[in-house]
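Engineer: Okay, here's the prediction I keep looking at, along with the sequence it came from:
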Amino acid sequence: METQAQGPRIDPREFFEKAPALFCVLDADNRIYQPNGAWERVTGFSLEALEGMKLEDRLHPEDRDPSRRTSRISVEAQGAIVQETRFRCADDTFKWLEWTMRVVFERGLVFCCARSIDQPRRATTTAARRLETYLRRAPVAMIESELGGVIVEWSSGAEKIFGYSRSEALGRMLVDLIVPEHRRALVREAAHAIRDGRLPPGRYGSSPNVTKDGRLVVCEWHNAPLADEDGRARGVLSIALDRTEIERERARAEESLARFDLLMRGSKNGLWDFVPQDPKSPVDLTQPIFVSDGLLRLLGITAEAAPKVLGEWDAFVHPDDREHAKLLFVEHMAARKEETYFEGRILRGDGSYLWAANTFQALWSEKGELLRFATAITDITERKNTEADLRDKLAVIERQAASIRELSTPILEVQEGVLCLPVVGVVDSERAAEMMDAALGSVVDLQAKYLILDLTGVPVLDTGTADRLLAIARAASLVGARTVITGLRPAVAQTVVTLGVPMGEVKTLRNLKDGLRYCLRDNR
């Protein structure tokens, strides 16, 4: 007959004394009796001090009321009562103890086995306090609702976003409180799907919500189901972020982008730009560049034919403008300029060239590193063609003006040694200078002795005109020719006398015929 193996025989009293758990017996007055040695190690009290000690006197004030203690019936301990309390030790600090108690009614005693849960309980308390602080200070709304949608938790972030206080929100239906009426059915269905597990937890996008004062706010929602200890769904935790300002800024940015795109499509403008891969070495020909749709339309090319890197743009610049454009680009980068303007020709898809106004724009950091570079291009071909046409017309006008000037100051050699300068119309300073240049040049070239200024075609003579004509006469005398003025009308003669214009040694005769006769007679 086989015998069962037997382990070492242990004295129950030795086990009682050396066990790590705290054993004791409580009487009807909750006094401690027969504590084991673990009590000394955990609480710091001697066994003698513990014997007969009333338990309520050592409990934390918040734990003395049995209704406030965390209690449960332990299935594993066959119906024993499990509680958690804080016990004040000999050094007046509190330690968390978990009690497992079995009541022996017929003897009026409670057999207790306790263990210290101070470290895990402190960690749990700390985590709970952190969570409470987060709920109180976090800018996001944290909302817990029951299966039916009733709000059971409402954070301070929710108060700030939606305007309802915690007391106003608790017990209300979440959907009815903040969801616009036309979206409530959709939100209810989504909430049921989250609770039932048909929708996974996570981000559920942005949607409009209504605040207490009737404003619309846009919130980004993150939802997750909550379960009890048995894994059964008990509610939904919702986190909402106020994205109202972000959505407004995005809408404004999208509107500005659409407006800019419309403007670029409706104008003869385009641009190419790049963000440098290495801000310290921005002149990298392998640097990828972005070419706008407007520039593609301007050049009449497709996106596939457009330059992809900085070095490929060179082929689109006219050969005669290429070196100049390169020089300006390098100077722009070296001097860290914000703007550089120049005009040049750019190749189109059909092989022709268009004139373009190019504006380099650069954004630099405080350290002098390039953050972004862009070139705005405007089609100025029409303006250039107009300028060329105007230059041609101005050249024609200039040639015509020269011809008119020659006709307005004709120098006639009426006889050897005798020149005649007929004057017609008004003589201003510019015309007087031309007349003087023509007259003096002819006097010197033809070695003339007489210069006849015929004023038959001058209806009015003022002081300025008279002074200019006399200046021609004086200048002619300096180069060896005498000046004779003919054709003074009576009205002009009266004006000369009235104004007191000094005629000096200038000979005046009635008409050109008398002037010629005088010069021919005197020249014999």
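Structural biologist: Looks like it came in fine.
Engineer: And this protein, split by domain according to the record?
Structural biologist: As given by automatic domain parsing, the domain ranges for the chain are 12-121, 138-246, 267-383, 409-522.
Engineer: any chance of those domains in TSV, plus distance to D392?
Structural biologist: (C-beta placed from N, C-alpha, C; glycine too.) Formatted as TSV, the entries for the domains of the chain read as follows, by distance: least, C-beta to C-beta, whole Å:
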stretch	distance to D392
domain 12-121	96
domain 138-246	59
domain 267-383	15
domain 409-522	25
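Engineer: For L257, which of those domains is the nearest?
Structural biologist: Among the domains of the chain, domain 267-383 comes nearest to L257, with 11.8 Å by C-beta to C-beta.
Engineer: What are the boundaries of the helices in the stretch 101-250 of the chain?
Structural biologist: Assigned by DSSP state H, counting those that start in this stretch, the stretch 101-250 of the chain shows helices spanning 118-137, 156-162, 166-169, 174-178, 184-195, 244-266.
Engineer: Which strands and helices lie in contact with the second one?
Structural biologist: Read it as helix 156-162. Packing partners of helix 156-162 (3 or more C-beta pairs under 8 Å, 6 or more residues apart in numbering; DSSP states H and E): helix 118-137, strand 141-146, helix 166-169, strand 216-227, strand 233-242.
Engineer: Mean neighbour count, distance to A190 and mean pLDDT for the ones you listed - can I get that in TSV?
Structural biologist: Listed next are the helices and strands packed on helix 156-162 as TSV, based on neighbours: other C-beta atoms under 10 Å; distance: least, C-beta to C-beta, whole Å; pLDDT from 0 to 100:
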stretch	mean neighbour count	distance to A190	mean pLDDT
helix 118-137	12	24	70
strand 141-146	20	13	89
helix 166-169	14	20	92
strand 216-227	17	8	88
strand 233-242	19	10	86
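Engineer: so can I have CSV of the ones you listed showing distance to V275?
Structural biologist: CSV is the format used below for these (distance: least, C-beta to C-beta, whole Å):
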stretch, distance to V275
helix 118-137, 38
strand 141-146, 37
helix 166-169, 47
strand 216-227, 29
strand 233-242, 29
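Engineer: Sheet-wise, list the partners of the one helix or strand L421 maps to with their directions.
Structural biologist: Taking DSSP states H and E as the criterion, L421 maps to strand 418-424. Looking at strand 418-424 with DSSP bridges, its partner strands are strand 412-415 (antiparallel), strand 450-457 (parallel).
Engineer: Relative to R372, which of these is closest?
Structural biologist: Nearest to R372, of these and by C-beta to C-beta, is strand 450-457 at 70.2 Å.
Engineer: now for the helices and strands packed on helix 156-162, which one comes closest to G500?
Structural biologist: The closest of the helices and strands packed on helix 156-162 to G500 is strand 216-227. By C-beta to C-beta, the value is 91.8 Å.
Engineer: Can you give the contact residues for the closest one?
Structural biologist: By C-beta atoms under 8 Å, 6 or more residues apart in numbering, the list of residues contacting strand 216-227 from outside reads 141, 144, 161-162, 180, 190-191, 194-195, 197, 201-211, 233-244, 247.
Engineer: List the contacts of A158.
Structural biologist: When contacts are counted by C-beta under 8 Å, 6+ apart, A158 is found next to 141-143, 164, 169, 240.
Engineer: before we move on, what about R166?
Structural biologist: R166 makes contacts with 154, 156, 159, as judged by C-beta under 8 Å, 6+ apart.
Engineer: Identify, from those, the entry nearest to A49.
Structural biologist: When the contacts of R166 are compared against A49 (criterion: C-beta to C-beta), the nearest one is S156, at 46.5 Å.
Engineer: Which of the residues in stretch 444-460 are classified as buried?
Structural biologist: Taking 16 or more other C-beta atoms under 10 Å as the basis for neighbour counts, the residues of stretch 444-460 that come out buried are 448-455, 458.
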